[in-house]
Every structure is written in C-alpha cells, then in structure tokens.
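>>> Sequence and predicted structure, then a few things I'm wondering about:
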Amino acid sequence: MFNSDLILNTTFALLAAPKGIGPYIRQHFLDTTFRGLYHANGFDLALLIPYFIVLILLAGYGMHRYVLVYLYYKHRKNRTVEPAARFADLPRVTVQLPIFNEQYVVERLLESICKLDYPKEKLDIQVLDDSTDETVEVARGLVERYAALGNPISYYHRTNREGYKAGALAEGMNTSKGEFIAIFDADFTPPEDFLLLTVHHFTDPQIGMVQTRWTHLNRHYSFLTEVEAILLDGHFVLEHSGRARTGLFFNFNGTAGMWRRTAIEEAGGWQHDTLTEDTDLSYRAQLKGWKFIYLQDVECPAELPVEMTAFKTQQARWAKGLIQTGKKILPRVLRSDAPLHTKIEAWYHLTANMSYPLMILLSVLLMPAMIIRFYQGWFQMLYIDLPLFMASTFSISSFYLVSQRELFPRSWPRALLYLPFLMALGIGLTITNTRAVLEALVGKKSAFARTPKYRVVSKLDKVGANKYRKRLGWVPWVELLIGAYFAATIYYAIDNENYITVPFLLLFVVGYWYTGLMSLLQGRFGGAGLSTSNHTKPFPVGV
C-alpha cells in the first residue's frame, strides 16, 4: 500500500521542480512579465477577425447538434410506434426499385422484395433499370424468373437516363397502379413485414410519407464501416427523431420509405434539378401541408460502402445536393407561414454542409492565428479559443455517442473507441465536400454519381471487381499535403509547449492522411486494406 506522506512529498517536489508542472503553469498562465508589450497590428487583426468569425460559425453548427439532442429527449413522448388506425381493406401498393449498374446486389434486392408479406393482388413491383452494363441481362433474367413464380413484378429499362434516379421514379409512376409507393435502393433488403408495418400509418389522411431507419448489413466488416454506421446512426436517431417528434420538417432519405401518391403529385412530382431529389420533394410536400412520420423502430438493412473512394463519392453527392436544395427551397420556406423555429431548423438542416468550406478556412488560418495568439497570452487562448473549439468539435462526439447509447444501451461504450476516428474522418472529408459545396453554390451541374456496392457483408468477402471504382484525381494528394501542414503545426505547438492544442491538431493529421492514403491504396491496388479471401460470388449473378 502506498504511503500518503510519500505521495504528498512527491507531488510537492514535482510542483517545485524547475521543469515540473508548477513552473509550467506559472510560466504559461500566471507570468505577467511581458504583459502589455504585445499589441495587435493591422496584419494580426486581418488574420484574427476571419479566424474568430469562422470559429463562431462552426460553433453555431456545433451547438445545433446539442439542440437536436435536447429536442430528441424533450419530445420523447411524441415517438411514433403504432398507427392511429388500421386499414380494414389493405390498399394497393407499388414498390419501385431504381437501379443503375448494380450487378452484384440486384439478386439480393429482388429476393428480399419478392418475400414481402402483402397480398399479391394488391402489389406491383417495378424494377426501374437505367443500367448500361451486364446488369441489364442479370436484372431482366431475374424479373422473368420471379414473374414466372407468380410475383407481380415487371421490368422497365431506359436508355437515356434522363433525370437519373428522379427521372426513373417519375417515369415509373406513369405506369404504377398503387395508391402508395414504397421505394428501395439496390443495396437494401427490407424485412418481410415492411409494408404492413408502414402502410397502416396512412389511415391518417394528412400523412404523406413514412420513413424508416436504416441499419447496416456490414457494420462490422471493417473499421471504416464501423465509423460509417455511427455517422448514419446519428442522423437516423437524433436528427430524424428530434425533428419528427417536434413537428419540424425532415426529409425522405430516398429509400426505405413509403409515399402517398397524391402527396408526390401535389408537391410537383419528382424533379431532377438537384442531386438530393428526395430532400427536395420532401420539403415541397411539407410546404403543401403534408405530414411526415418517422418510425425509428422499423429497421431496413442496407450495405455500407467498403471503399474510401465510394464513401467520399456518396458524401460529396449528399453535400452538393443539400446545398442545391437549400438554394432552391429555403427562400420558399422563409416566405412560408411555417413557425419561426421550423424555418430556423430548415436553415440549419439545408446549410449544414457549409461547415466544410469553413473547416478549410480554419485550416488555413489555424497556424498563423496560433502564432499570434501565443504572443497575446495563454490565458486568453483558454477562455476564448477553447470554448469555441469545444462547441464546434466536441459536440460531434457527444452527438454520436448519444445515438449509440439509444440504439445499444448495453454495448454503447465500445463506440468510444471510434469517436476520435469519426471526428478525424469528418475532417478528412473537407476537401471532397468543400469542392461539392462550391460547385453547388456557383451552379455547376454534375451527373448523379452512384455509390458502388459489391455485396460485401462479412470479413470473408472481398471486392470482386474495380469496374465501378471512381478515378482518384488530385484530391487524395491534396489531403496528404494538408495533413503534412498540420503535422508541421503540431511540431510548432510542441516546440512552444502549447500541448493543449496537440490532440485537436492530431485529429486533422489523422483525418487528412487517413482519407488520402485509403483513397490511394484502394484505388490503385485493387483490394488493398480489404480481406484477402475471395467473394463467394465473384462474378455477376446470372451471367
């Protein structure tokens, strides 16, 4: 057992030692020898003013995450579980399956859809195929097989791909028979009772859409998929539930949900002038007075991207699409007679990706600001800079930690392992997403870039082909360069004994280097970073 006197003597010795904790604190926080000698000049102010503006804006978006957590718990009693009533006679439902070059997952999709528990005479399934590769033959053959088995399924193939996914959905509605329309992307596998769990909520004539929660088939496949899963969980648990329970606007996620056909038509139908046609339609429908329901307890599994390039493609499309939707929809929202708190929440929702360009500005200004602030004194950095950093960054970790606690009440502490890497990954996406946001702001159009999926679920699976992999371009090299810049910033911080900022700066280094290196490795070396075992079905099913 330790002697208490020995511990006290050791503590006092450390505090009194020339290089101990005491001198460090006195030198950096209590020493007033040089107070008043430094005066900020015009150049310093030209750097510090933008620096603090960026920090305050980022802190605002960070505080908004705390607000969503607050709304989630405050309105817990408004959680939707059971429908208000049930149909005595089930209505007709159309299931739309928009696909594009999905030869690896289309069989799994159709297998799960044809197992849906719903009267066949009141169901029609549309495979809306815009593919330009072997998927055409694979999907057509599967549809013919399932139709021969008595399933109400039909195949539609377009060659022009006009309007991309939105165009396919709009064209499918021309021949659909259902009063309600359920939509699933190619990588989803809805449970058999999905339609029965959702359709009865439409007994309320004001309900226009029902969204369910995504879960993840390959959550434990790799470190990347674990982090991706936590990111999506935060969105589907706290953002959707917080908004839905409070009566605020929230969006259909493009899949794993059901629409009332009338709501789509009254809102103006599917439009393809943004890359997030689902969010665009959602806001237009809610502005028309339609109510949305979110079912947190109804799960719909899907496959997460297993490659960094695929994940970055997905995130960039969402970032660009939300800014496009914001430019299009926010003026209508602000002019509407919606409550003020609904308008404010819509602003934060649709402009959230502006934080990526702000992060780039922060990256540029951080080292100069650190040098200037060093000469102003450490105490000022503690009571001004640190709270802003905490509000803008640590709100992220607490936000996602709460979502894991809600979903996994027994095992949620394991998420603590992933939180630093989650924050680093978010930082690492800034280059890709900033480019997407700037393109949206200046009105540059781009094609709907799909997220490639390879039916990779377990650790025994491997990406069997690289035909869907995007070209890397210059972005990974810029990410590595910026990571090196922050490594130099860490060196400067340590050299000046600014140890408090090192953990924060380390997130930037890890984030930029991780996304850059993973993009290069997975892009240039086939399956680098993935399992070495072959996929059980390495070739397109049916070919």
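All right, it came through fine.
>>> Identify the residues contacting Arg332.
Listed by C-beta atoms under 8 Å, 6 or more residues apart in numbering, the contact partners of Arg332 are 283-284, 287. C-beta coordinates here come from the backbone N, C-alpha and C atoms, glycine included.
>>> for Arg140, helix, strand, or coil?
With DSSP: H, G, I helix; E, B strand; the rest coil as the basis, Arg140 sits in helix.
>>> Equivalent analysis for Ala424, please.
Recorded secondary structure, Ala424: helix (three-state DSSP).
>>> Give me the nearest residue to it, chain neighbours excluded.
Excluding its sequence neighbours, the residue lying closest to Ala424 (C-beta to C-beta, 6 or more residues apart in numbering) is Gly511, at 3.7 Å.
>>> just checking, what packs against the helix or strand hosting the one you found?
If you go by DSSP states H and E, Gly511 is part of helix 502-524. For helix 502-524, the packing partners by 3 or more C-beta pairs under 8 Å, 6 or more residues apart in numbering; DSSP states H and E come out as helix 308-335, helix 419-428, helix 475-495.
>>> now the ones you listed in JSON lines, with mean pLDDT and distance to Phe180?
As requested, the helices and strands packed on helix 502-524 are exported to JSON lines (pLDDT from 0 to 100; distance: least, C-beta to C-beta, whole Å):
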{"stretch": "helix 308-335", "mean pLDDT": "95", "distance to Phe180": "24"}
{"stretch": "helix 419-428", "mean pLDDT": "90", "distance to Phe180": "36"}
{"stretch": "helix 475-495", "mean pLDDT": "90", "distance to Phe180": "41"}
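>>> To Leu295, which of the ones you listed lies closest?
helix 308-335 (21.7 Å; C-beta to C-beta).
>>> right, and the helix or strand after the closest one?
Following helix 308-335 toward the C-terminus (DSSP H and E): helix 340-351.
>>> Between the two ends of stretch 254-274, how far is it?
Start-to-end span of stretch 254-274 (C-alpha to C-alpha, to the nearest Å) is 13 Å.
>>> Buried residues in that stretch, which are they?
254-261, 263-264, 267, 270-272, 274 (16 or more other C-beta atoms under 10 Å).
>>> Ok, stretch 508-520 next?
Neighbour-count burial for stretch 508-520 [16+ other C-beta under 10 Å]: 508-520.
>>> next one: stretch 174-192
For stretch 174-192, by 16+ other C-beta under 10 Å, it's 176, 178, 180-191.
>>> Same list, the helices and strands packed on helix 502-524, but as CSV with distance to Lys453 please.
Putting those into CSV (distance: least, C-beta to C-beta, whole Å) gives the following:
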stretch, distance to Lys453
helix 308-335, 8
helix 419-428, 20
helix 475-495, 22
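>>> Okay, now the unreliable bits of the stretch 401-543 of the chain?
For the stretch 401-543 of the chain, applying pLDDT under 70 flags the ranges 459-472, 523-543.
>>> switch the cut-off to 50
465, 525-543 (pLDDT under 50).
>>> is it true that Trp477 touches Gly516?
Yes: Trp477 is in contact with Gly516 according to C-beta atoms under 8 Å; the separation is 7.1 Å.
>>> Longest strand of this protein, counting residues only.
Assignment by DSSP state E gives strand 291-302 as the longest strand of the chain.
>>> any chance you could map the helices in the stretch 51-200 of the chain?
According to DSSP state H, counting those that start in this stretch, the stretch 51-200 of the chain carries its helices in the segments 106-113, 135-148, 164-173, 194-199.
>>> wait, which of those helices is closest to Pro420?
helix 106-113 (33.9 Å).
>>> The closest one versus strand 291-302: what angle between them?
Computed by axes from the mean of the first three to the mean of the last three C-alpha atoms, to 10 degrees, the angle separating helix 106-113 from strand 291-302 equals 130 degrees.
>>> now the angle from helix 106-113 to helix 135-148?
Using the same axes, to 10 degrees: helix 106-113 against helix 135-148 is 30 degrees.
>>> Could you check how far helix 106-113 is from the centre of its chain?
25 Å (C-alpha atoms, centre = their mean, to the nearest Å).
>>> that older thread, with the buried residues of stretch 508-520 in mind, which one is nearest to Ala436?
The closest of the buried residues of stretch 508-520, once distances to Ala436 are taken by C-beta to C-beta, is Thr515, at 14.3 Å.
>>> hang on, isn't the closest one packed against Trp477?
No: counting by C-beta under 8 Å, Thr515 does not reach Trp477; the two are 11.6 Å apart.
>>> In space, what's closest to Glu329 - neighbours in sequence excluded?
One correction, residue 329 is Ile, not Glu. Using C-beta to C-beta, 6+ apart, the closest residue to Ile329 is Tyr283 (4.6 Å).
>>> Give the full set of residues in contact with the one you found.
Contacts of Tyr283 (C-beta under 8 Å, 6+ apart): 249, 251, 325, 329, 332-333, 346.
>>> farthest-separated two in those?
Maximum distance among the contacts of Tyr283 (C-beta to C-beta): 14.8 Å, for Asn251 and Arg332.
>>> how about the strands in this protein?
93-99, 123-129, 153-157, 180-183, 207-216, 257-260, 291-302.
>>> got the CA positions of the third one in PDB?
What follows is the C-alpha trace of strand 153-157 in PDB, where atoms were taken according to Å, rounded to 0.1, in the frame of the first residue of the first chain:
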ATOM      1  CA  ILE A 153     -43.000  -7.900 -60.900                       C
ATOM      2  CA  SER A 154     -42.200  -6.000 -64.100                       C
ATOM      3  CA  TYR A 155     -39.000  -4.700 -65.700                       C
ATOM      4  CA  TYR A 156     -38.500  -1.300 -67.300                       C
ATOM      5  CA  HIS A 157     -35.300  -0.300 -68.900                       C
END
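>>> Can you tell me which helices and strands it packs against?
Using 3+ C-beta pairs under 8 Å, 6+ apart, strand 153-157 sits against strand 123-129, helix 135-148.
>>> Identify, from the contacts of Arg332, the entry nearest to Ile293.
Tyr283 (16.1 Å).
>>> any idea how far the closest one is from Ile99?
26 Å (C-beta to C-beta, to the nearest Å).
>>> Now tabulate the buried residues of stretch 174-192 in TSV and tack on pLDDT and distance to Ala338.
Formatted as TSV, the buried residues of stretch 174-192 follow (pLDDT from 0 to 100; distance: C-beta to C-beta, whole Å):
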residue	pLDDT	distance to Ala338
Ser176	95	31
Gly178	97	30
Phe180	98	26
Ile181	98	26
Ala182	98	28
Ile183	98	26
Phe184	98	30
Asp185	97	30
Ala186	96	35
Asp187	95	34
Phe188	97	31
Thr189	97	36
Pro190	98	32
Pro191	97	35
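>>> Around the nearest residue to Ser131 once chain neighbours are set aside, how many other residues sit close by?
Nearest residue to Ser131 in three dimensions, chain neighbours excluded: Asn101, at 5.0 Å (C-beta to C-beta, 6+ apart). Applying other C-beta atoms under 10 Å, we find 19 residues neighbouring Asn101.
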